[in-house]
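Engineer: Provided below for reference: sequence and predicted model.
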Amino acid sequence: MKFTKMHGCGNDYIYVNCFEESLSNPNEVSRIVSDRHFGIGSDGLICICPSKTADFRMAMYNADGSEGKMCGNGIRCVAKYVYDNKLTDKTTITVETLSGIKTLNLNVSNGSVKTVTVDMGAPSLTPADVPVVIPNGPKDSVVNTPITVSVDGKETEYRMTCVSMGNPHAIIFVDDVHILDLEKIGPLFEKHPYFPEQVNTEFIHVIDRNQIDMRVWERGSGETLACGTGACASVVACVLNGLTENNVTVHLLGGDLTIHYDQNKNTVFMTGPAAIICTGSIEI
Ligand SMILES: N[C@@H](CCC[C@H](N)C(=O)O)C(=O)O
């Protein structure tokens, strides 16, 4: 199987051109290639496929083989892949995902894509959309709502805001993201009974009204260096909680994303880089 390893702010995936390759079991392929010791090493697998309704279709799989509905960092890399490999010469493209068709604007310099702006679509706060199910919990939205996890046998209460960006996110505000033991607390949120489909959890420190620090524990992949849908969901949560303006730079472990939550259009725009790490082939 030929592959290209790419990253957006350090969120790395193995990209396969499914115009040329056909994968009978992409879930299993994702598990194999993602392994950082026995595979290529990545946060998952992304297949670039033909689409009947858009210019291209993206299918994404987490490192544990589960399929995700959307990937913000991945979709920017798909744009770079299709443009740089001359599958298109358009600088505005549409990509079909399991959470709808997204429109992407490609910023090209010297013949290759450097950054991409993605219209990520409307965030949803409706608990059934996330999904989040809290017994006797709020009906319309989950904003600044208590959640208790057991850390080293001690019941610890956090406050969360839940946002769907086509995939589920729980946003937790903390004083300092860098001192968190994510390996320990991340799974406690991911597999919390409130989330029937599990959840991506963003830990956010608000620096000022236009900047936040973020670390993320991703459903199916663990801690990653960045999460595009998570950055969008976090800015929506910041605005809902009155903590930031609508234009925010999100500082992630792997780089920065620029997020604009356009409340008039009810959509979120994400701008960030896309980069190639290497190409190769692997026996599957
Ligand atoms: N890294 C991604 C999100 C990938 C999917 C997620 N783990 C899920 O299962 O929903 C991003 O950049 O958005």
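Structural biologist: Ah, there it is. Residues are numbered from 1 along each chain as shown.
Engineer: Okay, now the unreliable bits of the protein?
Structural biologist: Within the chain, no range satisfies pLDDT under 70.
Engineer: residues in it within reach of the ligand, list them.
Structural biologist: With C-beta under 6 Å from any ligand atom as the criterion, the chain meets the ligand at residues 11, 62, 68, 71-74, 167, 200, 218-221, 224, 227-230. In short, each C-beta sits where N, CA and C put it, glycine included.
Engineer: Just the ones in helices from those, please.
Structural biologist: With DSSP state H as the criterion, helices contain Gly72, Asn73, Gly74, Gly228, Thr229, Gly230 from among the residues of the chain next to the ligand.
Engineer: Was I right to think the fifth one contacts Pro123?
Structural biologist: No. Thr229 sits out of contact with Pro123 when judged by C-beta atoms under 8 Å, with a separation of 9.7 Å.
Engineer: So which of those two has more stuff around it?
Structural biologist: Set Thr229 next to Pro123 and count neighbours by other C-beta atoms under 10 Å: Thr229 wins out with 31 against 24.
Engineer: Helices along the stretch 51-200 of the chain, start to end?
Structural biologist: With DSSP state H, counting those that start in this stretch as the criterion, the stretch 51-200 of the chain has helices at 72-84, 182-190.
Engineer: Contacts for the last one, please.
Structural biologist: Right, the one you point to is helix 182-190. By C-beta atoms under 8 Å, 6 or more residues apart in numbering, the surrounding residues in contact with helix 182-190 are 147, 149-152, 170, 172, 195, 198-201, 203, 215, 217, 219, 222-223.
Engineer: Now that helix - C-alpha only, CSV.
Structural biologist: Below are the C-alpha coordinates for helix 182-190, written out as CSV (Å, rounded to 0.1, in the frame of the first residue of the first chain):
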residue,chain,number,x,y,z
LEU,A,182,-3.7,13.5,30.5
GLU,A,183,-2.8,9.8,30.3
LYS,A,184,-4.5,9.5,33.6
ILE,A,185,-7.5,11.8,33.3
GLY,A,186,-8.2,11.7,29.6
PRO,A,187,-9.6,8.2,29.5
LEU,A,188,-11.9,9.0,32.5
PHE,A,189,-13.7,11.5,30.3
GLU,A,190,-13.5,9.5,27.1
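Engineer: distance between the ends of stretch 144-158?
Structural biologist: One end of stretch 144-158 to the other measures 9 Å (C-alpha to C-alpha, to the nearest Å).
Engineer: which residues are contacting stretch 133-150?
Structural biologist: Applying C-beta under 8 Å, 6+ apart, the set of residues contacting stretch 133-150 is 125-127, 130, 132, 155-162, 170, 185, 188-189, 192, 194-196, 237, 240-241.
Engineer: Please pick the buried ones from those residues.
Structural biologist: Taking 16 or more other C-beta atoms under 10 Å as the criterion, what is buried in the contacts of stretch 133-150 is 125, 127, 130, 132, 158, 160-162, 170, 185, 188-189, 192, 194-195, 237, 240-241.
Engineer: domains for this protein, by residue range?
Structural biologist: By the assignment in automatic domain parsing, the chain contains the domains 2-118+272-281, 145-265.
Engineer: May I see those organised as a markdown table, with distance to Gly137 added?
Structural biologist: What follows is the domains of the chain, written out as a markdown table (distance: least, C-beta to C-beta, whole Å):
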| stretch | distance to Gly137 |
| --- | --- |
| domain 2-118+272-281 | 23 |
| domain 145-265 | 7 |
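Engineer: Asn62: what's its closest spatial neighbour, skipping adjacent residues?
Structural biologist: Distance criterion C-beta to C-beta, 6 or more residues apart in numbering; nearest residue to Asn62, sequence neighbours excluded, is Gly220 at 2.8 Å.
Engineer: Give the burial count for that neighbour, as a bare number.
Structural biologist: Residues near Gly220, counting by other C-beta under 10 Å: 20.
Engineer: And the one 10 residues further on, by the same measure?
Structural biologist: Applying the criterion other C-beta under 10 Å, we find 32 residues in the vicinity of Gly230.
Engineer: isn't it right up against Trp217?
Structural biologist: No. Contact criterion C-beta under 8 Å: Gly230 and Trp217 do not qualify, at 9.4 Å.
Engineer: How far does stretch 166-180 stretch from one end to the other?
Structural biologist: Start and end residues of stretch 166-180 are separated by 27 Å (C-alpha to C-alpha).
Engineer: Counting neighbours, which bits of it end up buried?
Structural biologist: Neighbour counts over stretch 166-180 (16+ other C-beta under 10 Å) mark Gly166, Asn167, Pro168, His169, Ala170, Ile171, Ile172, Phe173, Val174, Val177, Leu180 as buried.
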